[in-house]
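K.L.:
Got a predicted structure plus its sequence, pasted below:
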Amino acid sequence: MVGIIFLSLVFYSLIFTAETDTGYIDHSVSNSSSHASDEPNILDLLKDLDEAALMLKLIDQVGLRDTLSSKGPYTIFAPYDLAFELLPDSIYNELMNNQTNLKHTLMYHIVKGAFYLFPPPDGHGAYNDQLLPSLISGKYVRLNIYQVGFTRLTAGGGPVIDGGNASNGAVYIIQNVMYPVPPGNIADVLMHNKSFSVLGKLVQKAGLMDYFKGGPFTMFPPTNEAFNKLSPDILNKYTQNTTLLKQLIEYHVLDRTLYTAGSYSGEIVVTVQGCALNLTVWYDTLWLNGVNNSQVIYLNYQVDNGVMHVVDTVLIPPVIH
């Protein structure tokens, strides 16, 4: 399983303008491949898109050209070149120096079937939390639709730009690299990632592990270090009372998928526990319930049933104070 690298990523997904987004999205779907056969294929379209030059180069490098030259159909979500440059150096180097991991990641950006995500007459639309089957068996690309002063469509949390319809599918440019490929659902991460061993044990004690196999959810999971900042008395208060423990955990969870591209500074979101969280963007970092309270130290960690934003401080619900 790919371990989480705790880095404060640039909060770039919040600052793209409406002009680069998709506009209105009709809530219907099709995987029809009935577009004209005289259109260029996916690779031809990518070649004509200056923004995706690196993606095209990497497709050749890992041996996916024949796949994308075939009849298909396929839909590709191609990160634009700057998205690769914005990756932390450790992740960028891992991808570029490990051909197996790179191919695995690129395959996750390619979907089986032609999905025309724009409203008629250009396409058939998309719907929120739609899952598209990638070339990796059992792994899906999640689409979300957000209202942030305009309608924004995201794939794997990245805003989507139309790249054109191809003879063998469709091309979209996305403003992020979908990395890592989701390692499993939230319960899988809590059970197997050592960075969340404390939270995992508490979720198990509260009887919520099966709950987190459902979803979709957004979780703000505190790290082990975050729990270590709590006094023993406070931690014991929760561990000895299952009702309070359940409330504490649920205060870190939303019952929907909220990527950063779908949120904004000052937004108030209601948790599963019932109390609200306030989102604040401050100097390219995301804070919960005000600056200097709980900082998100890793954004948009994809899981099969939603997304996780890792925090450095345990959030205490107001009703538990």
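P.N.:
Sure, I can see it.
K.L.:
what are the ranges of the helices in the protein?
P.N.:
Taking DSSP state H as the criterion, the chain carries its helices at 42-48, 53-62, 65-69, 81-85, 89-97, 99-108, 186-192, 197-205, 224-228, 232-239, 242-250.
K.L.:
To residue 75, which of those lies closest?
P.N.:
helix 42-48 (8.6 Å; Cβ to Cβ). C-beta: built from backbone N, CA, C; applies to glycine.
K.L.:
CA atoms only: put the closest one into PDB for me.
P.N.:
Coordinates of the C-alpha atoms in helix 42-48 are reproduced here as PDB (Å, rounded to 0.1, in the frame of the first residue of the first chain):
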ATOM      1  CA  ILE A  42      -7.200  10.200 -28.600                       C
ATOM      2  CA  LEU A  43      -3.400  10.400 -29.300                       C
ATOM      3  CA  ASP A  44      -4.000  12.900 -32.200                       C
ATOM      4  CA  LEU A  45      -6.000  15.100 -29.900                       C
ATOM      5  CA  LEU A  46      -3.300  14.900 -27.200                       C
ATOM      6  CA  LYS A  47      -0.700  15.800 -29.700                       C
ATOM      7  CA  ASP A  48      -2.600  19.000 -30.600                       C
END
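K.L.:
ok, and for that helix, which residues are buried?
P.N.:
Residues of helix 42-48 classed as buried under the neighbour-count rule (16 or more other Cβ atoms under 10 Å) are 42-46.
K.L.:
Same list (these) but as a markdown table, adding pLDDT and distance to residue 107.
P.N.:
Output for those, formatted as a markdown table (pLDDT from 0 to 100; distance: Cβ to Cβ, whole Å):
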| residue | pLDDT | distance to residue 107 |
| --- | --- | --- |
| 42 | 97 | 14 |
| 43 | 96 | 16 |
| 44 | 95 | 20 |
| 45 | 95 | 19 |
| 46 | 95 | 16 |
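K.L.:
sorry, back to before: compare the helices of the chain and give me the one nearest residue 178.
P.N.:
For residue 178, the closest of the helices of the chain is helix 99-108, at 5.8 Å, according to Cβ to Cβ.
K.L.:
quick revisit: what is the nearest of the buried residues of helix 42-48 to residue 204?
P.N.:
Within the set of the buried residues of helix 42-48, residue 42 lies nearest residue 204; the separation is 44.8 Å, counting by Cβ to Cβ.
K.L.:
so what's the closest one up against?
P.N.:
Contacts were defined as Cβ atoms under 8 Å, 6 or more residues apart in numbering; by that measure residue 42 touches 68, 72, 74, 76, 166, 168-171.
K.L.:
Return the residues in contact with the residue nearest to residue 213 when sequence neighbours are not counted.
P.N.:
Computed as Cβ to Cβ, 6 or more residues apart in numbering, the closest residue to residue 213 that is not its neighbour in sequence is residue 187, at 4.7 Å. Taking Cβ under 8 Å, 6+ apart, we find residue 187 in contact with 203, 209-210, 212-213.
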